[in-house]
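Chemist: Sequence first, predicted model second:
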Amino acid sequence: MADDAQHDHEFEASGDSGASLTFPLQCSALRKNGFVVMKGRPCKVIDMSTSKTGKHGHAKVNYTGTDIFTGRKYEDMSPSTHNVDVPNVTRAEFTLIDVTDDFLSLMDDAGEMKEDVKMPEGELGDNLRSEFETGKELLVTILKAMGEEAAISFKEAPKGNQ
């Protein structure tokens, strides 16, 4: 029997769960309100259409998306049989503990602190700050994709579950 030493490899995890930032998906499987990487940015698909197969082969999928962090709009086209990258997008709720220098101090269900999320800009940030300053206990939803994260919404924590 051959020596298996050549198959013994150690893989280093790079500080996270080892999950990939994106995964491939056939373009024809994209759906409205799904996610896709456009111009290197994680986007939500807001519109799409498929053109019929032409004399040169593949049906084409035209899709429009908005960057889930900046709101910027992108358009792209791809043959329906080709793969596109889809970002791994996660959502998590955190309890807002404090706001310091435009950064949120958040705590997860396990009591772990997270203090590297910026206060959202615009109306969302203004509303979040004013609700917090009235003394309400708030739950902030953090969206994470491709190494970026941002607060995308908040709500008042339900009463009586302490």
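Modeler: Good, I have the coordinates.
Chemist: CA atoms for contacts and neighbours, from now on please.
Modeler: Will do.
Chemist: Can you pull out the residues in contact with stretch 78-91?
Modeler: Contact with stretch 78-91 is made by 20-28, 35-37, 42, 50, 58-62, 141-146, as judged by Cα atoms under 8 Å, 6 or more residues apart in numbering.
Chemist: Any of the residues you listed buried? List them.
Modeler: 22, 27-28, 35-37, 42, 59-62, 141-146 (16 or more other Cα atoms under 10 Å).
Chemist: Show me what counts as buried in stretch 99-117.
Modeler: Using 16+ other Cα under 10 Å as the test for burial, stretch 99-117 gives 99, 104-107, 114, 117.
Chemist: ignore the last one, stretch 32-51
Modeler: 35-38, 41-46, 48.
Chemist: For it, give me every contacting residue.
Modeler: Residues outside stretch 32-51 that contact it (Cα under 8 Å, 6+ apart) are 30-31, 59-69, 74-76, 80, 84-87, 145-146.
Chemist: C-alpha coordinates for stretch 40-50, CSV please?
Modeler: Extracted in CSV, the C-alpha atoms of stretch 40-50 (Å, rounded to 0.1, in the frame of the first residue of the first chain):
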residue,chain,number,x,y,z
GLY,A,40,-16.9,43.5,-7.7
ARG,A,41,-19.6,44.8,-5.4
PRO,A,42,-22.3,42.8,-3.6
CYS,A,43,-25.7,43.8,-5.1
LYS,A,44,-29.3,43.0,-4.8
VAL,A,45,-31.0,42.1,-8.1
ILE,A,46,-33.8,44.7,-8.7
ASP,A,47,-34.7,43.8,-12.3
MET,A,48,-33.9,41.2,-14.8
SER,A,49,-34.9,40.0,-18.3
THR,A,50,-33.8,37.2,-20.6
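Chemist: ok now it, how far from the chain's centre?
Modeler: The chain centroid and the centroid of stretch 40-50 are separated by 13 Å under Cα atoms, centre = their mean, to the nearest Å.
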